[in-house]
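Asker: Predicted model follows, preceded by the sequence.
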Amino acid sequence: MGLQEYRCPCCGGSIEFNSSIGKMKCPFCDTEFEMESLKDLDQALDKEEPESMTWNSYEGQSWSGEDMTGMAAYHCKSCGAEIVTAETTAASACPFCGNPIVMMNNFAGNLKPDFIIPFKLDKNAAKEALTKHFQGKKLLPSAFSSQNHIDEVTGVYVPFWLFNSGADADIRYKCTKVRRWSDADYNYKETKYYTVLRSGSLAFENIPVDASKKMADDLMDSLEPFKFEEKKDFMTAYLSGYLADKYDVSADESVERANVRIKNSTIQQFRSTVKDYDTVETENSNIRLRDGSYKYVLLPMWILNTSWNGQKFVFGMNGQTGKFVGNLPMDKGKFWKYFLMYFAITAVIVFIIAFFLFKNQ
C-alpha cells in the first residue's frame with residue numbers, strides 16, 4: 001500500500017497533522033491547512049487517470065476505375081509535388097515552386113478524399129486580394145507592387161485530415177491570493193494558497209491538419225478557418241479547372257499535430273474558468289480522448305507566386321472565405337526614415353513637456 005505525502009505549496013516541505021489546532025500544519029513555514037480541503041484533494045488525486053491521446057487506424061476509400069476516368073496526375077521533378085487534376089486541365093508550372101511539371105501515367109492505389117470544399121472565389125478575386133494586400137504597407141518597397149511579376153496564380157485543392165474527438169480532462173491548479181498592507185512600522189504581505197480542480201468534457205469537430213509536405217504548416221494554419229458545414233461529398237467533377245495536391249503526410253503522422261491542437265484548446269478553455277486569483281499555476285493535467293475519428297478532405301487554396309528583385313514570394317488565399325496571407329519585403333531605407341522621423345517627433349514632444357515643467361517651477 002502506497003503512502004500519500006503532502007507537500008506544502010508555500011515552501012515545499014512535508015506537512016503533518018497538528019492535534020492542538022486540528023489542522024495540517026507545515027513545521028517549516030507554519031502554514032495551516034483545513035482537513036476538509038485535503039480530503040477533497042485526496043478524492044481528486046484518487047480519480048486521476050493517465051493521459052491517453054490515441055486514435056484508431058484510418059481506413060479510407062480507394063480510387064475506383066470509374067473515379068479515375070478523365071483524371072491525370074502531374075509530377076514536379078524539382079520539389080516532388082504530386083498533383084491530381086482533370087486531364088483537360090492545362091498545367092504548365094508547379095504551383096509550389098514555379099518550375100515546369102510533367103504528366104504521369106496514373107495514380108492508382110491512393111486514397112480517395114471523403115469530402116471536398118469547393119472553390120467559391122475565382123482567380124480574379126485572388127489577384128484583387130493581392131493588390132489589397134499591398135495597400136497600407138508603409139515599409140513596402142515602392143517598386144514592389146508595380147514591378148513584381150506574378151509567375152503563377154493557381155487554384156489548388158490542398159489535402160487535409162479532419163479530426164473529430166471527445167476529450168475528458170482533469171486539471172489541477174495551484175492558485176494564490178495576495179493581500180498587502182502597512183502600518184507605521186512594517187509592511188505586511190499575506191499569501192493564501194488554493195488548490196483548484198477542474199473536470200469536464202469537450203467535443204472537437206473538424207480539427208484540420210495539413211497533409212502536404214510542400215505546403216508550409218504556418219501558411220496553411222494562417223488561412224483558417226474554413227466553413228466545414230459547406231463541405232460536399234467528393235466528386236471528381238469539382239476538380240475540373242483546378243489542381244489537387246495528393247497527400248504525402250499520412251493520418252498516423254498527422255495525429256501528433258492534432259493532439260497538440262486539441263490539448264492546447266482544452267487547456268485554454270479550462271484555464272479561462274479559473275478566475276479571481278493573483279497567480280494560477282497548472283500542477284497536473286491529463287486529457288483522455290474518446291470516440292476519435294478522422295476523414296480525408298480537400299480544401300480550396302489560391303497560391304500566388306511572384307518574383308521581384310531576384311526573390312520569390314509566395315502568397316495564399318482561402319478559396320472559400322477569401323482570407324489572404326503572405327510575407328512582403330521591407331524597404332530598409334523607409335524603415336530608417338520613419339524611425340528617425342518618429343524619434344525626432346518624440347524628442348520634440350519630450351523637450352516641450354520638460355520646458356514647461358521647468359518653467360513652472
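Answerer: Now that the structure is in, tell me what you want to look at.

Asker: Tell me the bridge partners for the nearest residue to residue 277 once chain neighbours are set aside.
Answerer: Computed as Cβ to Cβ, 6 or more residues apart in numbering, the closest residue to residue 277 that is not its neighbour in sequence is residue 175, at 3.9 Å. In this view, the C-beta of every residue, glycine as well, is placed from N, C-alpha and C. For residue 175, the beta-bridge partners are residue 194, residue 280 (DSSP bridges).

Asker: Which pLDDT value does the model give residue 175?
Answerer: pLDDT recorded at residue 175 is 94.

Asker: So it sits against residue 197, correct?
Answerer: No: contact between residue 175 and residue 197 fails when scored by Cβ atoms under 8 Å: they sit 10.8 Å apart.

Asker: Can you report how many residues neighbour residue 128?
Answerer: Counted by other Cβ atoms under 10 Å, the residues lying close to residue 128 total 14.

Asker: buried residues in the helix or strand containing it?
Answerer: Using DSSP states H and E, residue 128 falls within helix 123-134. Neighbour-count burial for helix 123-134, counted by 16 or more other Cβ atoms under 10 Å, picks out 125, 126, 129, 130, 133.

Asker: do stretch 153-169 as well
Answerer: Neighbour-count burial for stretch 153-169 [16+ other Cβ under 10 Å]: 153-163, 165, 167-169.

Asker: tell me what the helix holding residue 128 is packed against?
Answerer: Counting by 3 or more Cβ pairs under 8 Å, 6 or more residues apart in numbering; DSSP states H and E, the packing neighbours recorded for helix 123-134 are helix 144-147, strand 149-182, strand 279-308, strand 311-318, strand 324-326.

Asker: Tell me the buried residues in the third one?
Answerer: Think strand 279-308. In strand 279-308, counting by 16+ other Cβ under 10 Å, buried: 285, 287-289, 292, 294-306, 308.

Asker: helices and strands around it, which ones?
Answerer: In terms of contacts (3+ Cβ pairs under 8 Å, 6+ apart), strand 279-308 is packed against strand 115-116, helix 123-134, strand 149-182, strand 187-210, helix 251-271, strand 311-318.

Asker: which one of the ones you listed lies closest to residue 230?
Answerer: Comparison of the helices and strands packed on strand 279-308 against residue 230 by Cβ to Cβ identifies strand 115-116 as nearest, at 10.1 Å.

Asker: And that closest one, what does it pack against?
Answerer: Short answer (3+ Cβ pairs under 8 Å, 6+ apart): strand 115-116 packs on strand 232-233, strand 279-308.

Asker: so which of those comes closest to residue 111?
Answerer: Closest of these to residue 111 is strand 279-308, at 5.7 Å (criterion: Cβ to Cβ).

Asker: Is it correct that residue 283 is in contact with residue 170?
Answerer: No: proximity of residue 283 to residue 170 does not meet the contact threshold set by Cβ under 8 Å, at 11.3 Å.

Asker: Where does the prediction get shaky in the stretch 251-361 of the chain?
Answerer: Within the stretch 251-361 of the chain, the ranges that satisfy pLDDT under 70 run 328-344, 347-348, 350-352, 354-361.

Asker: How about the stretch 101-250 of the chain?
Answerer: Scanning the stretch 101-250 of the chain for pLDDT under 70 picks out 101-110, 136-149, 151.

Asker: how does it look with 90?
Answerer: Within the stretch 101-250 of the chain, the stretches with pLDDT under 90 are 101-114, 123, 127-157, 184-185, 193, 195, 212-222, 233-250.

Asker: before we move on, back to that, redo the helices and strands packed on helix 123-134 as TSV? Include distance to residue 213.
Answerer: Below are the helices and strands packed on helix 123-134 laid out as TSV (distance: least, Cβ to Cβ, whole Å):
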stretch	distance to residue 213
helix 144-147	29
strand 149-182	10
strand 279-308	15
strand 311-318	15
strand 324-326	19
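
Asker: Of those, which is nearest residue 13?
Answerer: Closest approach to residue 13 among the helices and strands packed on helix 123-134 (Cβ to Cβ): strand 149-182, 15.2 Å.

Asker: Output the contacting helices and strands for the closest one.
Answerer: Looks like strand 149-182 contacts helix 35-47, helix 123-134, strand 187-210, strand 243-245, helix 251-271, strand 279-308 (3+ Cβ pairs under 8 Å, 6+ apart).

Asker: so which of those comes closest to residue 111?
Answerer: Once these are compared by Cβ to Cβ, strand 279-308 is nearest, at 5.7 Å.

Asker: and the angle for the closest one with strand 187-210?
Answerer: Orientation check (axes from the mean of the first three to the mean of the last three Cα atoms, to 10 degrees): strand 279-308 against strand 187-210 gives 40 degrees.

Asker: Thanks again, I'm all set now.
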